[in-house]
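Q: Structure of the sequence below:
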Amino acid sequence: IKLYQSINRVEFHPYHYAYSNLNLYFFSILEDYLNNIKKEDCLETYAQAQYILGNNCIDVSENKKYWDNIPEDSNFYIQKEYSLKLIKQVVEINTNYNENFREIFKIVDKLLEILFVNSIEENRISHYTNLSVSKILLKNDDNALRLNTVNLMNDPTEGSLLFEYLNIENKITTIDLAYISCFTLHHDSLNQFRLYAKQDYQEAFGVSLVLNQKFFSNTHNAARIYTKITENTKVSLTNQVDLNSIGGVINKNTSMPLYRCIYIDPCSNYIKVAQREEWSFCREDRESDSVRWKNYFKKMQIIEINVREALEDLKYKISELNNPNFPSLNILNLNELEKNLLGEILLPLRYLMKHMAFKEEQECRIVYVTQMDNPLVQYDEKINRIYIDYEPSVMEHLEKIYIAPKAKDEKMVFEYLCSRGQEIRKGKEAVKVKISQNPFR
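A: The predicted structure follows:
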């Protein structure tokens, strides 16, 4: 603390002065240190200071006053764009529930941060697919992994379980569509091969593409989940300018965060989160007992406790919006504008909640929510589907391929494709191609 306090603008670089004051705030929680930081000292540190000052405000309009100071040309603004724009909507809607909406938003953002996948024990993530798609992805680096609409998922409760858990009877709809790509923490799973690696309706006739964590974003960033398309956004996209200033836009330089799914039993509200199972550690260690698993399990227990507590807080905050004339019916005391705002706040979380019946999948997801008129949305007339490309290279980030039991004759083809793709991998080790260890007739 004494060393930080000794740093000033005159004798030291203004950047160091700003950084020191930010750290002094974290030590003392005195906002005077944040107010010392000027934009000209350091753009990013100033942006972070203004965000914290706004976040500390009790009144939501004061919150916005500080957040309006955050420079739009800062990386911090891009990271927090979703938060900043939603709070602006809360203030502009001029509702009696401004504070409620802000608290609800904070809980949703906290939940996303808890669910963000960044454990060292989860540095390999699998995507199961059939032979045709996997060959297209590996044959040509211009072919990107696709994010598809949720109506292709095998869980009919997709998108509605959250409302059921929160006791929201009113139908809340938005004009947005969610595009997702599904991954799992289990690299060689017979269940996944049977469900998601089919070829011409034949089970266990595909592959598991094991990707490293660099295929995804290394930070939780809600701005990469949700993009509200405006006329300005459309113009920017059409003119193909630098798109990094538009939160959520997916391009070669923009990876997206990966979040673990929440599994819920609607009858009991029992909750689990996607995680690795003990056998996967034992198989890696070739031991019947794994110390790594025990440490990992403790971390997962803490995550589950935090998720359950945050969901209970969310349920309580939603209950405060109930119409006092119909307390037993869970009817929201909101007008259409307010319902739409609540729907937008809850949107990123809706597609991370799945029915407990699918827990064995231990699924994690990239979720991207936008409107149909987003220029990134494409249509494949051959299979009659709309989708969005996820541009980071599969081949560049591929670590290993597991071939399903029924497709073992394809091993040489995938070894060939991987050898041809080695030039894209920037000097990384060759991709290992293995036959699944699971028995299947």
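Q: Tell me which residues are up against the helix or strand hosting L349.
A: The secondary structure element spanning L349 is helix 336-350 (assigned by DSSP states H and E). When contacts are defined by C-beta atoms under 8 Å, 6 or more residues apart in numbering, helix 336-350 is touched by residues 86, 89-90, 93, 95, 97, 101, 104-105, 108, 111-112, 159, 162-163, 166, 170, 172-174, 176, 178, 222, 225-226, 228, 321, 332, 334, 367, 369. Every C-beta, even on glycine, is put in place using the N, C-alpha and C of the backbone.
Q: now stretch 398-408
A: Contacts to stretch 398-408, defined as C-beta under 8 Å, 6+ apart, come from residues 124, 126, 131, 134, 138, 187-188, 190, 193, 197, 199, 202-212, 410-411, 414, 418, 421, 425, 431-436, 438-440.
Q: just how off-centre is the lengthiest helix in the chain within its chain?
A: Ordering each helix of the chain by length in residues (DSSP state H) puts helix 291-319 first. With C-alpha atoms, centre = their mean, to the nearest Å as the basis, the distance from the averaged C-alpha position of helix 291-319 to the chain average is 17 Å.
Q: residues of that helix that come out buried?
A: Residues of helix 291-319 classed as buried by neighbour count (16 or more other C-beta atoms under 10 Å): 293, 296, 300, 303-304, 306-308, 310-311, 313-314, 317-318.
Q: any idea of the pLDDT on the residue lying closest to I225 once chain neighbours are set aside?
A: With C-beta to C-beta, 6 or more residues apart in numbering as the criterion, I225 has its nearest non-adjacent residue at 4.6 Å, and that residue is P348. In the predicted model, P348 carries a pLDDT score of 82.
Q: now P348: how far from I403?
A: When C-beta to C-beta, to the nearest Å is applied, the distance between P348 and I403 equals 35 Å.
Q: Ok, H13 next?
A: 55 Å.
Q: Now do the strands in the chain.
A: For the chain, applying DSSP state E gives strands covering 124-130, 145-149, 177-184, 206-212, 259-260, 262-265, 270-273, 353-355, 363-370, 378-380, 385-390, 398-403, 432-435.
Q: Can you name every helix or strand that the first one contacts?
A: Yep, that's strand 124-130 we're talking about. With contacts defined as 3 or more C-beta pairs under 8 Å, 6 or more residues apart in numbering; DSSP states H and E, the secondary structure elements packing on strand 124-130 are strand 177-184, helix 190-196, strand 206-212, strand 398-403.
Q: in the stretch 101-250 of the chain, what spans have low per-residue confidence?
A: Across the stretch 101-250 of the chain, the ranges flagged by pLDDT under 70 are 151-156, 170-171, 222-224, 226-250.
Q: Turn the helices and strands packed on strand 124-130 into a markdown table, including distance to N325 and mean neighbour count.
A: A markdown table is the format used below for the helices and strands packed on strand 124-130 (distance: least, C-beta to C-beta, whole Å; neighbours: other C-beta atoms under 10 Å):
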| stretch | distance to N325 | mean neighbour count |
| --- | --- | --- |
| strand 177-184 | 33 | 22 |
| helix 190-196 | 46 | 20 |
| strand 206-212 | 52 | 24 |
| strand 398-403 | 57 | 22 |
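Q: for these, which one sits closest to A47?
A: Comparing those by their distance to A47 (C-beta to C-beta), the top pick is strand 177-184, with 29.1 Å.
Q: which helices and strands does that closest one pack with?
A: On the basis of 3+ C-beta pairs under 8 Å, 6+ apart, strand 177-184 makes packing contacts with strand 124-130, strand 145-149, strand 363-370, strand 385-390.
Q: Mind listing residues that contact that strand?
A: Counting by C-beta under 8 Å, 6+ apart, the neighbours of strand 177-184 from elsewhere in the structure are 125-128, 145-150, 153, 159, 192, 196, 211, 258, 274, 347, 350-351, 361-372, 377, 387-388, 390.
Q: For those residues, which ChimeraX command selects only the ones that are buried?
A: This is how ChimeraX selects the buried members of those, with burial counted by 16+ other C-beta under 10 Å:
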select :125,126,127,128,145,146,147,148,150,153,159,192,196,211,258,274,347,350,351,361,362,363,364,365,366,367,368,369,370,377,387,388,390
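Q: ok, back up a step: hmm, which of the contacts of helix 336-350 are the buried ones?
A: 86, 89-90, 95, 97, 101, 104-105, 108, 111-112, 159, 162-163, 166, 170, 172, 174, 176, 178, 222, 225-226, 228, 321, 332, 334, 367, 369.
Q: out of the residues you listed, which are inside helices?
A: When helices are assigned by DSSP H, the members of the buried ones among the contacts of helix 336-350 inside them are 86, 89-90, 101, 104-105, 108, 111-112, 162-163.
Q: Would you reformat the residues you listed as TSV and include distance to N56?
A: Below are those laid out as TSV (distance: C-beta to C-beta, whole Å):
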residue	distance to N56
L86	18
Q89	20
V90	17
F101	18
I104	18
F105	15
V108	19
L111	21
L112	21
L162	29
F163	31
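Q: what about T219, how many neighbours?
A: A count of neighbours around T219, defined by other C-beta atoms under 10 Å, yields 12.
Q: shift numbering so it begins at 580
A: Let's use 580 as the start, then, which means that last one is T798.
Q: ok, it - contacts?
A: Taking C-beta under 8 Å, 6+ apart, we find T798 in contact with 658, 836.
Q: same thing but 10 Å
A: 658, 692, 695, 697, 834, 836 (C-beta atoms under 10 Å, 6 or more residues apart in numbering).
Q: State the distance from the nearest residue to the third one once chain neighbours are set aside to R944.
A: In this case it means F695. Excluding the flanking residues, the one nearest F695 by C-beta to C-beta, 6+ apart is H799, at 4.0 Å. Separation of H799 from R944 (C-beta to C-beta): 14 Å.
Q: what sits in contact with each of the two?
A: Between them, H799 and R944 share the neighbouring residues 694, 696, 836-838, with contact defined by C-beta under 10 Å, 6+ apart.
Q: Just the closest of those to N654, please.
A: Of all the shared contacts of H799 and R944, P836 has the smallest distance to N654: 15.4 Å, by C-beta to C-beta.
Q: rewinding a little: select, out of the helices and strands packed on strand 756-763, the one closest to T624.
A: Of all the helices and strands packed on strand 756-763, strand 942-949 sits nearest to T624, with 29.8 Å by C-beta to C-beta.
Q: The closest one: how far from the chain's middle?
A: The gap between where strand 942-949 is centred and where its chain is centred comes out at 6 Å by C-alpha atoms, centre = their mean.
Q: Report the angle between that strand and strand 756-763.
A: Taking axes from the mean of the first three to the mean of the last three C-alpha atoms, to 10 degrees, one finds that strand 942-949 is oriented at 160 degrees with respect to strand 756-763.
Q: Mind giving me the packing neighbours of strand 942-949?
A: If you count contacts as 3 or more C-beta pairs under 10 Å, 6 or more residues apart in numbering; DSSP states H and E, strand 942-949 packs onto helix 677-694, strand 724-728, strand 756-763, strand 838-839, helix 915-929, strand 964-969.
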